[in-house]
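Enquirer: heads up, no residue letters with this:
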């Protein structure tokens, strides 16, 4: 039986630190990211698909004291790619965040595909 190797986290933008995250929100974020690295699927309410950004893209939803954090990520073949970390203040994800995530994901894939040649 082959051992499953955890996928690395590739941070293209953002970080999870206290502050601005509270210690409990940082811990929750870390546990959810660890589950993703281990190949666990996470559904609502903790993770929501974001197909507008790309295939296999989602956002982790972290409730902190008076705010909500979002970690936009993509499950790639050999990594969990973090596209953005931000505090969400409205119900809809801001268009500029979606566009930035699309650009980062496209640039990441160009680099990865270029290395595979």
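Expert: Sure, I can see it. Everything quoted here is computed from the prediction, not taken from an experiment.

Enquirer: show me where this structure has its helices.
Expert: Listed in chain order, the helices of the chain (DSSP state H) span 23-37, 95-115.

Enquirer: give the buried residues for the last one.
Expert: Residues of helix 95-115 classed as buried under the neighbour-count rule (16 or more other Cβ atoms under 10 Å) are 97, 98, 100, 101, 104, 105, 108. Backbone N, C-alpha and C define where each C-beta goes, glycine included.

Enquirer: residue contacts, the last one?
Expert: This points to residue 108. 10, 12, 76, 81 (Cβ atoms under 8 Å, 6 or more residues apart in numbering).

Enquirer: now the phi/psi pair for the third one, please.
Expert: Its backbone dihedrals place residue 76 at phi -100, psi 170, with angles given as degrees, to the nearest 10.

Enquirer: so it sits against residue 56, correct?
Expert: Yes: at 7.2 Å, residue 76 counts as touching residue 56 under the criterion of Cβ atoms under 8 Å.

Enquirer: give me the most central residue, this protein.
Expert: Central residue of the chain (Cα atoms, centre = their mean): residue 73, 2.5 Å from the mean position.

Enquirer: how about the nearest residue to that one once chain neighbours are set aside: which residues does it bridge to?
Expert: Nearest non-adjacent residue to residue 73, counting by Cβ to Cβ, 6 or more residues apart in numbering: residue 82, 5.3 Å away. Note on residue 82: beta-bridge partners residue 11, residue 73, judged by DSSP bridges.

Enquirer: returning to what we had before: now the helices of the chain in a markdown table, with mean pLDDT and distance to residue 66?
Expert: Shown next, in a markdown table, are the helices of the chain (pLDDT from 0 to 100; distance: least, Cβ to Cβ, whole Å):
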| stretch | mean pLDDT | distance to residue 66 |
| --- | --- | --- |
| helix 23-37 | 93 | 11 |
| helix 95-115 | 91 | 20 |
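
Enquirer: which one of the ones you listed lies nearest to residue 5?
Expert: Checking those against residue 5 by Cβ to Cβ gives helix 23-37 as the closest, at 9.5 Å.
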